[in-house]
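*Asks:* need a structure here:
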Amino acid sequence: MLLLGKAGLWIGFLAALVAVVAFLIGRTPDKAGRQATKAGFYLTLLSTIGMTMAVLVIVVAFFAKDYSFAYVAENHSTDASSLAWLYTLSGLWAGQSGSILFWAWLMTLFSGWLAMKNAHRDDGLPAMALMVMNVIVVIFALLMVMTEGNNPFLATPSEYYVNGQLVGAASQWGMNPLLQHWAMILHPPTLFIGYAGLAIPFAYGLAALIVNETDSGWVKEIDRITVFSWLFLGIGIGLGSVWAYVVLGWGGFWGWDPVENASILPWFVGLGLIHSMTVYRRKGNMKVWTLMLTALTFVMVVVGTFITRSGLVQSVHAFAEDPVARNLFMALMIATLLSMIIGIIVRWNGLKNNTDFEALTGKDAMYFLNNVLMTIASVIILFMTVAPAIIDRTYGANQYEVIARIVGIIYLLVIAVCPALNWGSTDGRTVWQRLRLPLLISLIPFLLLVWEWMVNLRPVYADMVALGGENAEKFSMYGPFLYDVITLLGFFLACFLIVNTLMLFVRGVRARAAGTGTGIPSAVGAVLFKARKQSGGYIAHIALGIIVIGLIGSVMYVRSGAFNVNNEAGTKIQMADYVFTYDHLDSETLTSGDVVSTAVFNVERGGRSIGQIGPSQTQFAVQGQVRLNASVKSEPLRDIFFVFNGMTEETSSTPAVLQIDVKINPLIWFAWTGFGLMMLGTALATWPKKQAVSR
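*Replies:* Numbers count the residues shown, from 1 in each chain. Predicted coordinates:
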């Protein structure tokens, strides 16, 4: 089995390497060149087959519990629940070498799909794009075949593997218990699909420069796959946030951890790329911006794996330091940027915009500002993330949130106003005529949010500042006036974005109904499913406004406290108008030997019972680790978040004490709902049009 896996890996590596050579030979405009290009397509498919074989070998080894594979021995799941088989499958991407193999395999799947899709073509664009994709595959495969730490096909040392069983220290090997959660079954693969797919716009952008086809054709070919990849990257980020919320136990879904930052950087730059591609495709403008953003997006993708393996930063998500991986991925990032810059310089004369920006009051300018904001924000966050290694300074969540709030407010304003503008320029009177009604209607949801803020959110500020400590610093860093201004401005712009976008959609539906003579339901369906890119964009913009409302509440107005609760039924703790009464402690031993301890509390609000909440922790028998299992009780406008951190020993003089953390997270379901809606809108925009059948 090990030999078969190694064979698949080497086939994938060598086929990709020879494919690169074949595509380069294919640049010659003769019969030999055409044959070499055709061979490159077949070799790309062979690389896909080889990597697929390697992945299947690892998967079979996991399900067969073949601990002769060191990777399987170190990353096998010990879970005994109904999800055990999915955790077994997720072992493929749970460790360092497996995740590299999984990523490389996904890259070959995209390459194989492109090869099959374009094998009939004799123009150079897809061939050169596949050449670039194969270069990237070669680099990933090279890392696996030249270093033991990244090779998933190493044998378990004989002293740890006897008669098919792990012995000695290896008997405690296994998947990190923190990863044995349903969200982590889906988080890495969706994230890696996004990572792998975002290599495609870079490959096509560089290919367009190589073959000197810099019209909008290459953008039209890959715009949907770019949005598709960005969609999956977003889904991966969202699932990672869910995991962080309920497993890490700190009560939030985003902590500005270096690896969290690494995942969102390509998402931000990719967002700028998608908007830039729209202008390139429709107007023939922003060509240089688009090409550079393809490279920068891919660089930000590589930054993620660079950070997790370089040892430059400390993170709960990071792997062990790997100097070879660090140097190889650093070289890949430099080569990506240099190749694109050189290509742009060489083809500069063919990259002039079809039209220039006429004014700052045009859609062109707003799209440009969108790109600038996303790029600058990403570069700043990247610098702050790696600052501990560069300037020996660490930035905390408060510093990141200053940047996020400033950029967020400007960005909300840009995308809320942009739909009211014409391409080129728009006079002030026209802008006002288009925006005054949405501005007026926006006051209705805004005033509702102001009421919620005055009654339930604003008191949190005063209470948390009065408690002192780290939480007080988080609240008081701006001062009360500026904190209020940020809140209210954010709420209003979010409402304005939602209302203005909804009105655009309504106008489109009414125009469709009037123009076709159909009813409103038919017009809604037509707008949604026939103009999918536009309606998907509308949905995504509405979702962003909803997310912002959720972020303001669940990040800026979290009420939190730590409590020591005597292990005696009836002990009460109180936070705001909630009373939590300790009921009992459950202990259950699972068939795997893991022990789950659950602290059960009755919950009352305003003297009315609203049920029970039961945070727990799992003591894993094999790994000897403890995982916190937060318990979340959701209400329409808030989450009650409970974490059971453990219990002190009982003595003759003192009872045992449970250590409990409690948070009240307001408006958090706006964030979750908005993110889901954004992914739905993006999926709609990605869905391909039905191709006409030739007869």
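*Asks:* where along this protein do the strands fall?
*Replies:* Ranges of strands within the chain are 161-162, 165-166, 559-566, 572-575, 578-589, 595-605, 608-613, 616-619, 626-629, 631-635, 638-647, 657-666, based on DSSP state E.
*Asks:* report the distance from the second one to the chain centre.
*Replies:* Per C-alpha atoms, centre = their mean, to the nearest Å, the displacement of strand 165-166 from the mean C-alpha position of its chain is 37 Å.
*Asks:* contacts for that strand?
*Replies:* Tyr67, Ala73, Thr156, Tyr160, Ser171, Trp173 (C-beta atoms under 8 Å, 6 or more residues apart in numbering). The C-beta positions use only the backbone N, C-alpha and C, and glycine is treated the same way.
*Asks:* now with 7 Å, please.
*Replies:* Tyr67, Ala73, Tyr160, Trp173 (C-beta atoms under 7 Å, 6 or more residues apart in numbering).
*Asks:* do the fifth one as well
*Replies:* When contacts are defined by C-beta under 7 Å, 6+ apart, strand 578-589 is touched by residues 565, 567, 569-573, 595-605, 640.
*Asks:* can you rerun that using 6 Å?
*Replies:* 565, 571-573, 595-605 (C-beta atoms under 6 Å, 6 or more residues apart in numbering).
*Asks:* now for those: which two are most distant?
*Replies:* Maximum pairwise distance in these, criterion C-beta to C-beta, is 32.1 Å, between Val595 and Arg605.
*Asks:* can you list the domains in the protein?
*Replies:* Following automatic domain parsing, one gets these domains for the chain: 1-180, 427-557+672-686, 559-666.
*Asks:* can you list those domains in JSON lines and add mean neighbour count and mean pLDDT?
*Replies:* Formatted as JSON lines, these follow (neighbours: other C-beta atoms under 10 Å; pLDDT from 0 to 100):
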{"stretch": "domain 1-180", "mean neighbour count": "20", "mean pLDDT": "91"}
{"stretch": "domain 427-557+672-686", "mean neighbour count": "17", "mean pLDDT": "89"}
{"stretch": "domain 559-666", "mean neighbour count": "16", "mean pLDDT": "89"}
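*Asks:* would a markdown table of those with distance to Ile200 be doable?
*Replies:* Converted to a markdown table, the domains of the chain look like this (distance: least, C-beta to C-beta, whole Å):
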| stretch | distance to Ile200 |
| --- | --- |
| domain 1-180 | 6 |
| domain 427-557+672-686 | 13 |
| domain 559-666 | 37 |
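*Asks:* so which of these is nearest Thr305?
*Replies:* domain 1-180 (7.5 Å).
*Asks:* by residue count, which helix of the chain is the longest?
*Replies:* helix 480-516 (DSSP state H).
*Asks:* dump the strands of the chain to a markdown table, plus distance to Phe368.
*Replies:* Putting the strands of the chain into a markdown table (distance: least, C-beta to C-beta, whole Å) gives the following:
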| stretch | distance to Phe368 |
| --- | --- |
| strand 161-162 | 59 |
| strand 165-166 | 58 |
| strand 559-566 | 41 |
| strand 572-575 | 47 |
| strand 578-589 | 48 |
| strand 595-605 | 49 |
| strand 608-613 | 49 |
| strand 616-619 | 51 |
| strand 626-629 | 46 |
| strand 631-635 | 41 |
| strand 638-647 | 39 |
| strand 657-666 | 36 |
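*Asks:* what number of residues lie near Pro688?
*Replies:* 9 (other C-beta atoms under 10 Å).
*Asks:* quick check: the gap between it and Ile225.
*Replies:* Remark: distance between Pro688 and Ile225 (C-beta to C-beta, to the nearest Å) = 10 Å.
*Asks:* shared neighbours of those two, anything?
*Replies:* Joint contacts of Pro688 and Ile225 (C-beta under 6 Å, 6+ apart) do not exist.
*Asks:* check what pLDDT the closest residue to Ser90 other than its chain neighbours gets.
*Replies:* Of all residues not flanking Ser90 in the chain, Ile185 sits nearest, at 4.9 Å (C-beta to C-beta, 6 or more residues apart in numbering). You'll see Ile185 listed with a pLDDT of 88.
*Asks:* then Gln314?
*Replies:* 59.
*Asks:* hang on, the earlier thing: can you tell me which of the domains of the chain comes nearest to Leu360?
*Replies:* domain 427-557+672-686 (11.5 Å).
*Asks:* pull the contacting residues for the closest residue to Ser592 other than its chain neighbours.
*Replies:* Take Ser592 and drop its neighbours on the chain: the residue closest to it by C-beta to C-beta, 6+ apart is Ala80, 4.0 Å away. Counting by C-beta under 6 Å, 6+ apart, Ala80 touches Leu590, Thr591, Ser592.
*Asks:* check contacts around the first one.
*Replies:* In this structure, Leu590 makes contact with Ala80, judged by C-beta under 6 Å, 6+ apart.
*Asks:* what residue ranges in the stretch 201-350 of the chain score low on pLDDT?
*Replies:* 309-321 (pLDDT under 70).
*Asks:* closest to Lys352 out of the contacts of strand 578-589?
*Replies:* Arg605 (64.0 Å).
*Asks:* that closest one - nearest residue in space that isn't next to it in sequence?
*Replies:* In this structure, Arg605 finds its nearest non-sequential neighbour in Tyr578, 5.3 Å apart by C-beta to C-beta, 6+ apart.
*Asks:* quick check: bridge partners of the one you found?
*Replies:* Judged by DSSP bridges, the bridge partners of Tyr578 are Met575, Arg605.
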